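Asks: Sequence first, then the predicted structure, then my questions.
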Amino acid sequence: MEYVIQQGLNALSFGAEYALLALGLAIVFSIMGLVNFAHGEIIAVGGYTMVAFAALAIGNPVIVMAGAVIAAMLASLTLERVAFRPVRKADPTTGLLTAFGVSIVLQNVFLMFVSPRPIAVTSLYFLDWPIEIAGIRLASLQVFETLTTIVVIVALMLFLRRTVLGLAVRAASLDFEMVRLTGIKANRVFAMAFLISGLLAGLACIFIMARRGSVDPHLGFDPVLKAFVACVVGGFGSLPGAVLGGFLLGAVEVAMLVMLPQSLGGMTDAFVFMIVALILIWRPDGILSPAIEKGDKL
Amino acid sequence: MLVLNDISKQFGGVRAVSNVSFEVAAGEVRGLIGPNGAGKTTLINLISGLLTPTSGTMSLEGDILDGAGAAARTRKGIARTFQNLRIFENLSVGQNIEVAQITARSEGHEDSAAIAEAFERFDLAGRLRMPANALSYGHLRRLEIVRALALNPKVLMLDEPAAGMNEQETEELAGALDWVKTRFGCATLVIDHDLKFIMTLCDRITVLNMGAVIAEGTPREITTNQDVIDAYLGEDHSNAA
Amino acid sequence: TVKIGLAVPMTGDYAPYSEFQGAKCMAEKINADGGINGMPIELFIQDTGSDTQTAVSLAQKFLDDGVVMLGTIPFSDTMIPVAQVAAGYGVSIFQPQSTQVEMHAGIVDNFFTGVSPDPFTATAAANHALKQGVKNVVLFTSDEGGSWSARTPLWFGDVIEANGGKVQAKLNFSFGTSDWSPQIAEIKALDTPPDAVYISSIMPDVGVLVRQLRSAGIDAWVIGSDGFDDPSLDAIGSDDPSLLDKVFFATLAPSHEDSAVVKFMKECEDMGFEVGGLFPATGADTIMAVKFGVETAGSLDPAAVSDAIRSADSVPVLTVDSISFKDTKTYAQRTIPVIGYKDGKRVLITNDIPANVPTDWN
Amino acid sequence: MTPARPLIDEGRASQADRMLTIQDLHVFHGPIEAVHGISLNVERGKCISLLGPNGAGKTSTISAITGIARATGSIRFEDREISADSVEARIASGIAVSPEGRRIFSNLTILENLTLGAALQRDQAEKGRDIDHWFSLFPILAERRDQAAGTLSGGEQQMLAIARALMARPKILLLDEPSLGLAPKIVRQIFDLIGTLKDKGMTILLVEQNATQALKLADYAYLMSSGRIVAHGTADELGKSDKLMAELTGVA
Amino acid sequence: MIRLSQSQRSGLVGAALLAAVLVVIGVATLYFGSRYQIRLVYSAYVNLIVVLGLQVFMGNARITNLSHSAFMGIGAYAAALCVTPENIKKISLPAAPWGLADFSLDPVLSAAIAIVITAVLAFLLGLFIVRLTSIGATIVTLAVLVIVHAVFLYRTDIFKGNQAFFGIPQVFDLGWVVGIAILAVVVCRLFRESRWGIQLRASADDEVGAAAMGVQIYKLRLIAWVLGAVILAVAGICYAYFLGTISARPFYFNHVFLTLAMLILGGMRTVTGAVLGTFLISFGLEGVRYLETGPVLLGIDLPEALGLSGIALGAVIVLTMALRPTGIMGNREIETLFVRKTF
Ligand SMILES: Nc1ncnc2c1ncn2[C@@H]1O[C@H](COP(=O)(O)OP(=O)(O)OP(=O)(O)O)[C@@H](O)[C@H]1O
Ligand SMILES: Nc1ncnc2c1ncn2[C@@H]1O[C@H](COP(=O)(O)OP(=O)(O)OP(=O)(O)O)[C@@H](O)[C@H]1O
Ligand SMILES: [Mg+2]
Ligand SMILES: [Mg+2]
């Protein structure tokens, strides 16, 4: 029983990380239909910022964390300006491919100017300590990450439903030009979405780095691949969908790791993706997307 | 030809079409009018198979259509245009029409002579090699109609074909559609808000309101029907068109 | 000139496994000392992006340029086709760090690896573990690194079991794992806590695993292979050196403070070469082996050079005193260092040729 | 090509009355020039109508005024040259548009669409009052206020688009075919509304196919064809005196 | 007698023009190229076949496919398993199940079997994939890529995972691959202009509109999907029959991105675009790779620039998407460059 609870909590914290990443993808997608595969590299920017702080012998964890988050936000904003603005009006596929391109460029920039090998960053180890409650072992990081994800979800919901800028963010996803025709500075809307996305990447970066303790050019690729899947499963562009998809994926992944017999252990990822594919075949637009009948409209 | 039997469609809480029954005969032009949101487009979506009715059945020449998808129904001879244009913008004008011709050919009822004539009638003859997205709105509407005709359909449904056209063009369109009626002999269902257009074109008119049929008859009968005046035309309808 | 071609993975998935920095540094040093028999070494180095076809094409180019020895991506799917192409020129491949076993199955014979295959490191590690009283072990395996990550742990387990120990569980993992809590929960659920866990993987996986095991209160030895041999492993002990107290690994060459490798890396740094770790440093072995071969053969004929290396009793290299291919043909007979930590610093524990290596691998 | 043939003398209004003045405007879609140097005036408080057949360049002209389409030439709004301004700046200076094809935000609710229409308005209470006002005029919208706008019928969407434009409390309202796809009863409502707005002093530039209706309302009209203005004048002047009018709009 | 439509006739002209280009490049390399260049061109042609296989589905149905390298891998492995001599399989696959190590077939038969196996697998997967749209479909293709790769890695007893599957007879040379590439070009181009192709492209523009024109979208997508997979299998076979050694790695993300970039740069909507993009990137990367080594150019000693080819590849994608999202060719095929526009 304890074991089951233990693995359940593990699934929850896996899910929280995926949800945090998936939200970063979903906010950008919901506004401009862009699947930002370069999200992972924005996380890596945060990681390399920590390396830079370490090199400058700045160890104050608050500065390091803030620095990483700010760097990720700036990186996200910069990418919006440089790479994504030209494809703003394009279809999702164009955006997806652009993001792939950006991701490849950034990975190679890290490789060229820093190193292809992992670089250790130990300044955030202090965030991680064991907590034991009634025989259940938790890492403090898991708790922090889950809490952060919850706070982020609530804050985002409020922003998108209650503020004009939030409405504009949602409206821009369908008709960017028309948003401009209401007088809202569209560039601000996009900047805001990318800023939020960068913030989420920065937060995720803190947790990933605190856990891994090192950064390499591929730091973000795998987690973001999973987050991408989470988004699609939940219903792309739907923020609640991203959250649901994230937690679902966490649960599936832990279940596969734990339940597959050792002889099939190497197939964990295959089974995770297979389940995802089955979900999509069952609900082609993701679980939380409303069942829309295509008529003349939409 | 086309028989609708007690068709209803529910969207969540909205009953967009409610217990509609009517028939359209071959060669007949049937007008479908009604206030905005009356369910006209929804009805066409139901007939063309893009939406599934909540209840009711329909048939084409005695052949039950229920359960057949949009493509299958088109192949059986139901063609339509769209209120919001659905042009294949990366194909040329000619290829847009070819998409439909291919379907007609594979079903063995292509009529290439009639289509060639339709190009002229709808002012597309010189434009076949243009990319479709270079046409103006009015021509795009014409393209949609010709594309539907290329299917050589038994039932042709036009959703606001005159929208965005001026009176002159509307008249031309009415003339062209008259030609369609004689040349193709299909059962035609036309939605439009341009009463003059509807009145000159249609043999019979069905009026929808809030999803339900509130009147049915010849143009004359309709314009004097008090229910229709209340729900749709308003008092001073002679000025409307 | 003595031409050596390195079609290596400088970028891509296998970028960590490239020897070109060490090779460049060593070639420079030798050239500064007057070269080989008075001839300077000319290195042809190009990036393959970890792609096999590119590697084969580049190898072809280098062969046409007249190299006497080739280095390439240290994985069999590239080494075999490269060796096949090179065979037509009488040229051999010298791979200073490839430990996978399938290259020694007799598919190609114009091939050297400057190190011993994985069963040797697994055995050396197991022998030391047994000496520490290890009985119950947990093995982490993964298919992603080929036999290196999939089978090395099993050889380790074989040696442990042959000496009365027990493999309690085999757990699967993927490369790049940063949260080991599901696997750790599995370990916690075992009836008896393990004395050791063995994993053949690379950073950051290894560092994360060590820390998460410790914070979960699992005090077992963490034992590994040459994948542990990266400066970033040492970094996890920067705050708390005791984290590394029960970590050791069997690797390719001694890499503790005073080892030849570490000295070499320092010298290279002074010369302006960044040789960041053991894998890059092994490139020096390639150059030294070629130097030996050319000097012994007294010729630049590739076949003669290879024969000279293959038939020598001992070939001097940088990473260990000497290696020999006389009995093994394709892999180097050499000592296997076991490296542990004391106060967060690497110490060389043993450095022998293990005698009880499993034999089921070729 | 028939040269522009003014039916009356150029601009009777004094310079000061001109709210929007366009001179020698060329509009481009990519490499294609859709409008070839037109000039027109919109006087304060008047309803000016822009008529013409499909493809004449009416929508292109509107897009040039809002800055959506690439254009050369001069556009003066309230005595300020705005042709170099961004779209947003033009809207902020008091131009609002109900575009061709409606372009409502289909994934937002009706209420949210209206809220966005008043995006530049800071006063929340004012905004609420405006929304109530337009809801009372379009009760169907009020009924569906929390429904996604994409599920409205074509006509309902058109009402929403106009209401959204009005939420900005503009100085000039650009209406691009507001009657497109509307039922006669609603069309009349819409034209009545335009009349009311005009009576209240709103300046309106009305693009229409429905020339009869438009001319009834308009103080002055411009007739476009193939990217040029081919005639202009008051409704009477245009409607009675020129064959061209009949040809291009079908108005007898 | 088949009556060809206007676009089918120009399709044949276009295919012939492209074939001529392929022949010229191939023959020039054979006669004037070094062995190194021949290898380079060979792999460019293999990638060309991959990109063509990708274009059939992605270009006409306009659904981004990320699983193409997996199908290439399936073709390569299936052929390799059939064609590799038993004595070698006994060494390399000692634990092979189902008697896989106990037979070997001639190369042609092996290739045929590989194509059939790939087509059947593609058909079964396609039944699901064609029902999805846009990003949903893309994610499922991604899942296919990951799953197939995992199977290659996991069943080391059959595929050897990341270790070498060696001993495949090296029966192909440049001439073969040029011929096969030409065949692929013709097939792709004829498909594009066929009634299936036109209807499929229409459905990519507007799914609902196409359904209303009687287009059987799922069926057409499935046809394109399977045809694409067959071409990809052929590409895999060309890869295996030349190199003699395969592993799971060349059929994963790196290759997916590389070939995707090729198709995107040239323009995925046209066959000409596929050809152009492949050659531009193949030969462009070769130049960049030279720059990476830090050569001396015009008297300037350039620094070593590892990762430059990666940056270049990514930049090509980003710039193409920004400046010309439909790729260099857009909707135009090669023959339109020679014919004066008629409107
Ligand atoms: N997919 C849908 N989901 C929910 N409601 C819908 C959907 N499609 C239509 N409706 C609703 O059904 C009703 C009928 O809409 P429909 O489009 O059929 O009207 P219409 O008669 O064509 O009107 P118009 O003349 O304005 O185009 C409307 O109230 C509309 O809001
Ligand atoms: N996006 C575009 N790309 C290319 N050409 C265009 C584009 N939009 C419009 N055009 C062309 O510009 C010309 C003017 O079009 P515009 O839409 O301004 O006409 P309009 O008067 O509004 O017509 P309608 O009454 O049909 O709406 C037309 O010939 C049209 O083909
Ligand atoms: Mg309608
Ligand atoms: Mg217009």
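Replies: In hand now; what should we look at? Ligands and ions are numbered 1, 2, ... in the order given.
Asks: List the contacts of residue A:281.
Replies: Taking C-beta atoms under 8 Å, 6 or more residues apart in numbering or on different chains as the contact definition, residue A:281 lies against E:128, E:131-132, E:140. In short, each C-beta sits where N, CA and C put it, glycine included.
Asks: repeat for residue A:182
Replies: For residue A:182, the contacting residues are A:168, D:91, D:116-117, D:119-120, D:164, D:168, taking C-beta under 8 Å, 6+ apart as the criterion.
Asks: and these, which of them are in strands?
Replies: Mapping these onto strands (DSSP state E) picks out no residues; all lie outside.
Asks: And for residue C:246, the neighbour number?
Replies: Using other C-beta atoms under 10 Å in any protein chain shown, residue C:246 is surrounded by 19 other residues.
Asks: from memory it sits against residue C:219, does it?
Replies: Yes: using C-beta atoms under 8 Å, residue C:246 is in contact with residue C:219, at 7.0 Å.
Asks: residue boundaries of the helices in chain D?
Replies: In chain D, the helices defined using DSSP state H lie at D:58-66, D:87-92, D:110-117, D:124-137, D:139-143, D:154-167, D:184-199, D:211-217, D:235-241, D:243-249.
Asks: Name the residues of the second one that come out as buried.
Replies: Residues of helix D:87-92 classed as buried under the neighbour-count rule (16 or more other C-beta atoms under 10 Å in any protein chain shown) are D:87-88, D:90-92.
Asks: Pull the residues that contact it.
Replies: By C-beta under 8 Å, 6+ apart, the list of residues contacting helix D:87-92 from outside reads A:177, A:180-186, D:65-68, D:77, D:82, D:120, D:168.
Asks: and which of those residues is nearest to residue E:252?
Replies: Sorting the contacts of helix D:87-92 by distance to residue E:252 puts residue A:186 at the head of the list, at 38.8 Å, by C-beta to C-beta.
Asks: Next, count neighbours for the closest one.
Replies: Other residues within reach of residue A:186 by the criterion other C-beta under 10 Å amount to 21.
Asks: And the helices of chain D: which comes nearest ligand 2?
Replies: helix D:58-66 (3.1 Å; C-beta to the nearest ligand atom).
Asks: Quick check, residue E:46 in contact with residue E:180.
Replies: No: counting by C-beta under 8 Å, residue E:180 is not a contact partner of residue E:46; they are 9.2 Å apart.
Asks: Name the residues contacting each of these two.
Replies: residue E:238.
Asks: Between these two, which is the more surrounded one?
Replies: Higher neighbour count among residue E:46 and residue E:180: residue E:46, with 28 against 20, using other C-beta under 10 Å.
Asks: about what we covered before: can you list the helices of chain D in a markdown table and add distance to residue A:98 and mean pLDDT?
Replies: Compiled in a markdown table, the helices of chain D are given as follows (distance: least, C-beta to C-beta, whole Å; pLDDT from 0 to 100):
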| stretch | distance to residue A:98 | mean pLDDT |
| --- | --- | --- |
| helix D:58-66 | 27 | 91 |
| helix D:87-92 | 24 | 90 |
| helix D:110-117 | 27 | 90 |
| helix D:124-137 | 37 | 86 |
| helix D:139-143 | 38 | 85 |
| helix D:154-167 | 32 | 86 |
| helix D:184-199 | 42 | 83 |
| helix D:211-217 | 44 | 81 |
| helix D:235-241 | 50 | 69 |
| helix D:243-249 | 45 | 54 |
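Asks: show me where the chain has helices.
Replies: I went with chain A, as the question did not name one. Along chain A, the stretches classed as helices by DSSP H are A:2-32, A:39-55, A:61-79, A:92-113, A:140-162, A:164-172, A:176-181, A:186-212, A:221-234, A:239-259, A:268-282.
Asks: that answer is for a different chain, and I need it for chain E
Replies: With DSSP H applied, chain E shows helices at E:6-32, E:35-61, E:68-83, E:86-92, E:107-129, E:134-154, E:156-159, E:174-193, E:195-205, E:207-212, E:217-243, E:253-266, E:271-292, E:308-323, listed in chain order.
Asks: now, of these, which is deepest in the fold?
Replies: Neighbour counts averaged per stretch over those are highest for helix E:68-83, at a mean of 28; criterion: mean count of other C-beta atoms under 10 Å in any protein chain shown.
Asks: and that one, is it in reach of chain C?
Replies: No: contact check for helix E:68-83 against chain C, using C-beta under 8 Å from any C-beta of the partner chain: none in range, with a minimum separation of 11.8 Å.
Asks: In CSV, list the helices of chain A along with mean pLDDT.
Replies: Written out in CSV, the entries for these read as follows (pLDDT from 0 to 100):
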stretch, mean pLDDT
helix A:2-32, 83
helix A:39-55, 88
helix A:61-79, 90
helix A:92-113, 85
helix A:140-162, 85
helix A:164-172, 84
helix A:176-181, 85
helix A:186-212, 88
helix A:221-234, 83
helix A:239-259, 83
helix A:268-282, 79
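Asks: of all those helices, which lies closest to ligand 1?
Replies: Distances from ligand 1 to each of the helices of chain A were compared using C-beta to the nearest ligand atom; the shortest belongs to helix A:164-172, at 18.6 Å.
Asks: ok and that closest one relative to helix D:124-137, angle-wise?
Replies: Going by axes from the mean of the first three to the mean of the last three C-alpha atoms, to 10 degrees, helix A:164-172 is angled at 40 degrees with respect to helix D:124-137.
Asks: chain center to helix A:164-172, what's the gap?
Replies: From the chain centre to the centre of helix A:164-172 is a distance of 21 Å (C-alpha atoms, centre = their mean, to the nearest Å).
Asks: Please consider this matter closed, and thank you.
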